[in-house]
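Novice: Sequence and predicted structure, then a few things I'm wondering about:
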Amino acid sequence: MTTARLGAIERRRFAAPIAGALAIGGLALVLLAALLALGGYDVPSALAALWRGSFGSAYAFFSATLVRATPLLLAGLAVALAFRAGVWNIGAEGQLLAGATGAIAATALPLPGAIRLALALLVAAVAGAAWALPAALLRRRGVLEVISTIMLNFIALNLVGYLVRGPLQEPTHAYPQSQTIDAAARLPRIAGTRLHLGVGIAFLAAIALGIVIRRSAWGFRVRAVGANPRAAASAGLIDVPRVALEVFLVSGALAGLAGGIEATGVTYALYEGMSPGYGYTAIAVALLARLDPLLVAPSALLFGALEAGATAMQRDAGVPSAFVTVVEGSLVLLVLLLPAVTRAYGTRAGRARSVET
Amino acid sequence: MSVNEEFLAAAVRTATPLLLAATGELVVERAGLIYVGIEGSILAGALAAAAGGWALGSATAVALAIVAGALMAALFALFVVNWETEQIVTGTAITLVATGATAALYHVLFGPEGAGLRIPVIRPTVVPGLSAIPIVGGALFAQSVFTYAAVVAIVAVWWGLARTHLGLALRACGERPAAARAAGVATGWMRGGAAICAGALGGAAGASLVLVQSGTFAEGMSAGRGFIAIAIVALGRWRAGGVLVAALAFGAASALQYLFQARGWTLPYQAFLALPYLATLVALATTRARGAAPAALGQPETE
């Protein structure tokens, strides 16, 4: 499967990422306003609710937007890394659930709190990688990873459903969830907010992955395999299947870590609905960032804000959060379109045209 | 009906929307495009069928569903054929848009809580005589019109792909688009047309979910059936006969829960839900997939 298109996307980075992020944020708002008007909603009050829920106050920003952005950032990095190498890992959702399951299981061990927490996050990453492994191995046998990772997503969801009603169910057996983890093994919160230490881990991971992709020999191999596997193998003497396997495992580990951090920082327990599709939204997050780990951070922030705002919009203005999903998907389509349209018609005409579609 | 008959009937019933969608996916993949957005086409079809069935009756509902599914695919074709965007990524975005748009439209059309929309379901069409055949009669000849349509569709696709010039040209687009173009095939239109065909069948699959199975619309009610259809095409090794068998096998795996319940065998409920996916993985792992897929699957024309 080719990655020439994505290679083209990579090369055309934003000249000024901040201006680009603001432009995309603005575009998202315009799009949302148009959709709300079409749906017959009170646009100003809906957008006001969106603002209150996302950036309107320090509490909204730290306790809603950033908390939402954390799993999206880590899972977004997982997707960005995989797609960069031409590995179509659509399975971040399943790997995230595997990570959360591993973390919750590890917190039950009789160990001191901090060690338990560190172990839980480590187990989460390993579990995420392990959940990606079957798809990575099957890929070598010619099975499309798009299919295998989606199958693994469904299996993970049902496995969690079973575990929280069986072996991992809380002791009273009243609710389909695991026992709440005790305070000692939770990620510390930043005083007065719901924001936990995981946000720092996520941003550090983005910076680290950005440096690795850009500066390390491994990062070069990843980019080479993604740009043209045949050339990478023949001209660069790169072991392409091996790089693809490594990328798959690291990608799974990042998604697993997202699940582990969500479990020890936000939900404190395992249950079926603990991820509102973070692993799927992460695909949009990574694409909007043009698969650049450093741009995944602002992209995750934008999506975190949109989703936090959507919750407030639904609560205060009665607007279904699905409207925001439409905006997210449309943004991805628009970003996909930019290189093709700028190539064909020049930037200005291209923008005008892409807004029509 | 005996337990086994019940099981077979449930297997065919469950397989019907999967077969419809997989037939569409087979057409588009043989033309060289992988259409992950078929999940979005199913959802669009489901909403169109619900709205149409509520306002205008079931025949119009089916037509609307087919058009809605085809429209999503036309959008996909515009992107991947005209602008050569990455197919998997574009399909994923189409699914995202469709998931949000159908949920939002449903709220707008039927009120904030969905208003408990109820549409009369289409009853099975019982074929006199044949449906009385022991064991398989009920499963094969007392199904909804969608089941018969799905069988007709897969047979038509087999015949069209294998026996017509159009089918040959379409397959050429999936194997060697450059060669096809050199031979005078309008590869872009061929691929776009195949995508629209797939979307239309996806829309029909969505209609069958609403008009046969549930009688209402629910957010995300496709529940991954489009993705399963893609897996079924791979399981069937990109051949019409294989797709038919794989869809029925998947339906049977999903229907096993009826058999187990009836016989009093106990297994965790989630094991049944996960079984079809697990079986698909195992089947994909044990068959040699390499070489069966169209050579240019997932690639833009210009390569």
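Specialist: Yes, it's here.
Novice: What is the neighbour count of residue 265?
Specialist: Went with chain A since none was named. By other Cβ atoms under 10 Å in any protein chain shown, the residues close to A:Gly265 number 25. Every residue, glycine included, has its C-beta placed from N, CA and C.
Novice: The chain in question should be chain B.
Specialist: The number of residues near B:Trp265, taken as other Cβ under 10 Å, comes to 9.
Novice: Helix, strand, or coil at it?
Specialist: coil (DSSP: H, G, I helix; E, B strand; the rest coil).
Novice: For it, give its distance to B:Glu6.
Specialist: Distance, B:Trp265 to B:Glu6, using Cβ to Cβ, to the nearest Å: 15 Å.
Novice: low pLDDT regions in the chain?
Specialist: Unless you meant another one, I'm taking chain A. By pLDDT under 70, the weakly predicted segments of chain A are A:1-18, A:340-357.
Novice: look at chain B instead
Specialist: For chain B, the stretches with pLDDT under 70 are B:1, B:112-116, B:266, B:288-291, B:302-303.
Novice: all strands of it, in order?
Specialist: B:125-126, B:142-143 (DSSP state E).
Novice: How far away from the center of its chain is the first one?
Specialist: If you compare the mean C-alpha spot of strand B:125-126 with that of the full chain, they lie 22 Å apart, counting by Cα atoms, centre = their mean, to the nearest Å.
Novice: and if you look at stretch A:210-227?
Specialist: Centre-to-centre, stretch A:210-227 and its host chain are 20 Å apart (Cα atoms, centre = their mean).
Novice: Equivalent analysis for stretch B:75-82, please.
Specialist: For stretch B:75-82, the distance to the chain centre is 20 Å (Cα atoms, centre = their mean).
Novice: In PDB, please show the C-alpha coordinates belonging to it.
Specialist: Provided in PDB are the C-alpha atoms of stretch B:75-82 (Å, rounded to 0.1, in the frame of the first residue of the first chain):
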ATOM      1  CA  LEU B  75     -17.800  11.900  -1.900                       C
ATOM      2  CA  PHE B  76     -15.100   9.300  -1.200                       C
ATOM      3  CA  ALA B  77     -14.600   8.800  -4.900                       C
ATOM      4  CA  LEU B  78     -14.300  12.500  -5.500                       C
ATOM      5  CA  PHE B  79     -11.400  12.600  -2.900                       C
ATOM      6  CA  VAL B  80      -9.500   9.500  -3.800                       C
ATOM      7  CA  VAL B  81     -10.000   9.500  -7.600                       C
ATOM      8  CA  ASN B  82     -10.000  13.200  -8.300                       C
END
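Novice: Wondering if that stretch reaches chain A at all.
Specialist: Yes: using Cβ under 8 Å from any Cβ of the partner chain, stretch B:75-82 reaches chain A at B:Leu75, B:Leu78, B:Phe79.
Novice: Can you say which of these are buried?
Specialist: Neighbour-count burial (16 or more other Cβ atoms under 10 Å in any protein chain shown) is assigned, among those, to B:Leu75, B:Leu78, B:Phe79.
Novice: which residue packs closest to the first one, ignoring adjacent ones?
Specialist: Think B:Leu75. In space, and not counting its chain neighbours, B:Leu75 is closest to B:Ile94: 6.4 Å by Cβ to Cβ, 6 or more residues apart in numbering or on different chains.
Novice: how near is the one you found to B:Ala198?
Specialist: According to Cβ to Cβ, B:Ile94 and B:Ala198 sit 12 Å apart.
Novice: ok, now B:Leu117?
Specialist: 27 Å.
Novice: more neighbours, the two?
Specialist: A side-by-side neighbour count of B:Leu117 and B:Ala198, using other Cβ under 10 Å, places B:Ala198 first with 32 against 18.
Novice: Surely that one and B:Val28 touch.
Specialist: Yes: using Cβ atoms under 8 Å, B:Ala198 is in contact with B:Val28, at 3.8 Å.
Novice: List the residues that are in contact with both of those two.
Specialist: The contact sets of B:Ala198 and B:Val28 overlap at B:Tyr35, B:Ala73 (Cβ atoms under 8 Å, 6 or more residues apart in numbering or on different chains).
Novice: can you list the residues of the stretch 101-250 of chain B near chain A?
Specialist: Checking the stretch 101-250 of chain B against chain A by Cβ under 8 Å from any Cβ, the hits are B:101-104, B:107-108, B:112, B:219, B:224, B:227, B:230-231, B:234.
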